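# For reference, the sequence and a predicted model appear below.
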Amino acid sequence: MSEAHTTSADTSLTGFNPADPELFRDEKILPFFEQMRAREPVHRCPDSPYGPFWSVTRYEDIMAVDKNHEEFSSDARAGGIIIDDGNVGDPDSDFFVSSFITMDPPDHGPQRKAVNKIVAPSSLMNFESLIRERTTKLLDSLPVGEEFDWVESVSIELTTLMLATLFDFPLEDRHKLTRWSDVSTAEPGSPIVGTQEERAAELMECLEYFSRLKKERRDGPANLDLVTMLAQDAATADQPDFNFLGNLMLLIVGGNDTTRNTMSGSINAFNQYPDQLDKLKAKPALLGNMVSEVIRWQTPLAHMRRTANTDTMIGSQPIAKGDKVVMWYYSGNRDESVFDNANAFDITRKNARQTMSFGFGLHRCMGMRLAEVQMKVLWEEILKRWDRIELTGDVERVESNFVNGYTKMPVRIVA
């Protein structure tokens, strides 16, 4: 089974806004990306709720921008890494956040290094047994043969438990982490958060909660959790609140949305392409490649944004200093010049690991290996137990041009 993503050849792209969140909620964006790659791979939207911006849609161009931090800035004061400038707030206001992903060198390196050891190979080995213990316990509790929501019961629960472990966060309050993640990335006016002021108020609650934990751990033992690392490392111990909150939100969103929506995406993929599940059952050694292919096919974060530091070029297109540049990872992962039959989910794809979902260059996703371990363990345990997990109703998706994910996925386990 394959999806047809085509549009009329004479559809005009003039004035088109590919960042319209409804296009992502309804999965209507892919045919437009296909057309943009073919006809206008570096496309300018002159007017949108986010202001004017450039869209970069081809794999090679996206990678070139992502690796070029000298000419394309991630700095929060220039707007950060999301198309919506308001996501970081106004540098001159009471609400402004900055994290190491919204910093350029030399500020970026020391702050990333402060927490990077949590995903060192030795840490991943320790985490794997805990991940498997929790995964098996959760899967064994699911109602076989009855309908339930996969997003709520599995994807959110497993990722939230992992997040709580990474922060050594009180398990009884772990669902606060999910809420703060959703609030951080939601469009104002969405069902999640009404206004920017409401977003700021909830994130200030997050800051207050974590500030208490940071204070408690500043002089405590050097435990392997993210709060202790931020509290005790010289680069982050005395950082201002806006920077501490920014790093928290980066780590929460990075640990929540990507893994959570890849877990749900795998169920969606195998239901659209049931022959691929048959291949996996026949050859379990494909599991690692399957994980990479889900991450490519789903693309849990649809874009990253940069701001031009200087007059420059993307391909043959001149870009002016100060211009907003949006790298559409979702489009790059469907680029037919790199991935044959790119819209299809194919667990035997030879270059699945070339996914751009984790980014490139100095901002490449720190937690990519941990996300892969979580997905691998989940599907190892599913394959031990059941024949398939089938969709029983319509999938509901997030209304967002940033988080490419799911809010509801009704399923039934077939034993």
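Structure's in. What do you need?
# When you work out contacts or count neighbours from here on, use the C-alpha atoms and nothing else.
Will do.
# Could you list the low-pLDDT ranges of the chain?
Scanning the chain for pLDDT under 70 picks out the ranges 1-11, 89, 94.
# any idea where the strands of it begin and end?
Along the chain, counting by DSSP state E, strands occupy 42-45, 53-56, 72-73, 147-149, 303-308, 312-314, 317-319, 324-328, 388-391, 396-397, 406-408, 410-414.
# helices or strands next to the first one in the packing?
Under the contact definition 3 or more CA pairs under 8 Å, 6 or more residues apart in numbering; DSSP states H and E, strand 42-45 sits against strand 53-56.
# Just checking: what are the partner strands of the strand it packs on?
strand 42-45 (antiparallel), strand 324-328 (parallel) (DSSP bridges).
# looking at those strands, which is buried most?
Each of the strands paired with strand 53-56 was assessed for mean neighbour count using mean count of other CA atoms under 10 Å. The highest is strand 324-328, with a mean of 27.
# could I get it in CSV with only the CA atoms?
Output of strand 324-328 as CSV, limited to C-alpha atoms (Å, rounded to 0.1, in the frame of the first residue of the first chain):
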residue,chain,number,x,y,z
LYS,A,324,14.3,33.9,8.4
VAL,A,325,15.2,30.5,6.9
VAL,A,326,13.1,27.4,7.7
MET,A,327,14.6,23.9,7.1
TRP,A,328,11.7,21.5,6.5
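# Now find how far off-centre that strand is within its chain.
Centre-to-centre, strand 324-328 and its host chain are 15 Å apart (CA atoms, centre = their mean, to the nearest Å).
# Just the residues contacting that strand, thanks.
With CA atoms under 8 Å, 6 or more residues apart in numbering as the test, strand 324-328 has contacts from 52-57, 62, 65-66, 83, 302-308.
# For PyMOL, what selects the buried ones among these?
Selecting only the buried entries of those in PyMOL, with 16 or more other CA atoms under 10 Å as the criterion:
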select buried, resi 53+54+55+56+57+62+65+66+83+302+303+304+305+306+307+308
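# sorry, back to before: may I see the strands paired with strand 53-56 arranged in JSON lines, with distance to residue 381 as well?
Below are the strands paired with strand 53-56 laid out as JSON lines (distance: least, CA to CA, whole Å):
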{"stretch": "strand 42-45", "distance to residue 381": "43"}
{"stretch": "strand 324-328", "distance to residue 381": "33"}
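# for the ones you listed, which one sits closest to residue 199?
strand 324-328 (23.2 Å; CA to CA).
# Next, the angle strand 303-308 makes with that closest one.
150 degrees (axes from the mean of the first three to the mean of the last three CA atoms, to 10 degrees).
# So which bits of stretch 392-411 are buried?
Under the neighbour-count criterion of 16+ other CA under 10 Å, stretch 392-411 has 397-411 buried.
# Check the separation of the first and last residues in that stretch.
5 Å (CA to CA, to the nearest Å).
# now what about it, what contacts it?
Here stretch 392-411 has contacts from 19-22, 24-26, 82, 147-152, 185-187, 190, 257, 261-262, 264-265, 298-304, 389-391, 412, using CA under 8 Å, 6+ apart.
# Show me just the buried residues among those.
The neighbour count (16+ other CA under 10 Å) marks 19-22, 24-25, 82, 147-152, 185-187, 257, 261-262, 264-265, 298-304, 389-391, 412 as buried among the contacts of stretch 392-411.
# Next step: those residues restricted to helices.
In this view, the buried ones among the contacts of stretch 392-411 that belong to helices under DSSP state H are 21-22, 24-25, 150, 185, 257, 261-262, 264-265, 298.
# Turn the residues you listed into CSV, columns for distance to residue 215.
Listed next are those as CSV, based on distance: CA to CA, whole Å:
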residue, distance to residue 215
21, 39
22, 42
24, 40
25, 40
150, 37
185, 27
257, 27
261, 33
262, 34
264, 36
265, 38
298, 39
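# Of these, which is the nearest to residue 95?
When those are compared against residue 95 (criterion: CA to CA), the nearest one is residue 185, at 15.2 Å.
# Tell me who's in contact with that closest one.
For residue 185, the contact set (CA under 8 Å, 6+ apart) comprises 87, 402-403.
# ok, now residue 335?
If you count contacts by CA under 8 Å, 6+ apart, residue 335 has them with 34, 37, 58-59, 342.
# hmm, 7 Å instead?
With contact set as CA atoms under 7 Å, 6 or more residues apart in numbering, residue 335 has these partners: 58-59, 342.
# Most neighbours among these, please name it.
residue 58 (28 neighbours; other CA atoms under 10 Å).
# Okay, now stretch 348-363: how far is its last residue from its first?
Start-to-end, stretch 348-363 (CA to CA) is 28 Å.
# How about stretch 379-398?
End-to-end for stretch 379-398, by CA to CA: 24 Å.
# now that stretch: how far from the chain's centre is it?
With CA atoms, centre = their mean, you get 21 Å for stretch 379-398.
# just stretch 258-271 next, same as before
Distance, centroid of stretch 258-271 to centroid of chain: 12 Å (CA atoms, centre = their mean).
# And for stretch 308-324?
Distance, centroid of stretch 308-324 to centroid of chain: 26 Å (CA atoms, centre = their mean).
# What of stretch 169-176?
21 Å.
# residues making contact with it?
160-161, 164.
# Format those as a markdown table; extra columns: distance to residue 203.
Below are those laid out as a markdown table (distance: CA to CA, whole Å):
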| residue | distance to residue 203 |
| --- | --- |
| 160 | 17 |
| 161 | 20 |
| 164 | 17 |
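# If you rank the residues you listed by neighbours, which is first?
Comparing the contacts of stretch 169-176 by number of neighbours (other CA under 10 Å), residue 160 comes first, having 24 neighbours.
# quick one: contacts of stretch 221-240?
110-111, 114-115, 118, 166-168, 214, 217-218.
# between these, which is nearest residue 136?
Distances from residue 136 to the contacts of stretch 221-240, taken by CA to CA, are shortest for residue 166, at 19.4 Å.
# From residue 401, how far off is that closest one?
27 Å.
# do residue 328 as well
Taken as CA to CA, the span from residue 328 to residue 401 is 10 Å.
# which one of the buried residues of stretch 392-411 is nearest residue 334?
For those, the nearest to residue 334 is residue 404 (14.2 Å; CA to CA).
# show me what contacts the residue nearest to that closest one when sequence neighbours are not counted?
Spatial nearest neighbour of residue 404, excluding adjacent residues (CA to CA, 6 or more residues apart in numbering): residue 300 at 4.8 Å. Residues in contact with residue 300, defined by CA under 7 Å, 6+ apart, are 258, 261-262, 403-405.
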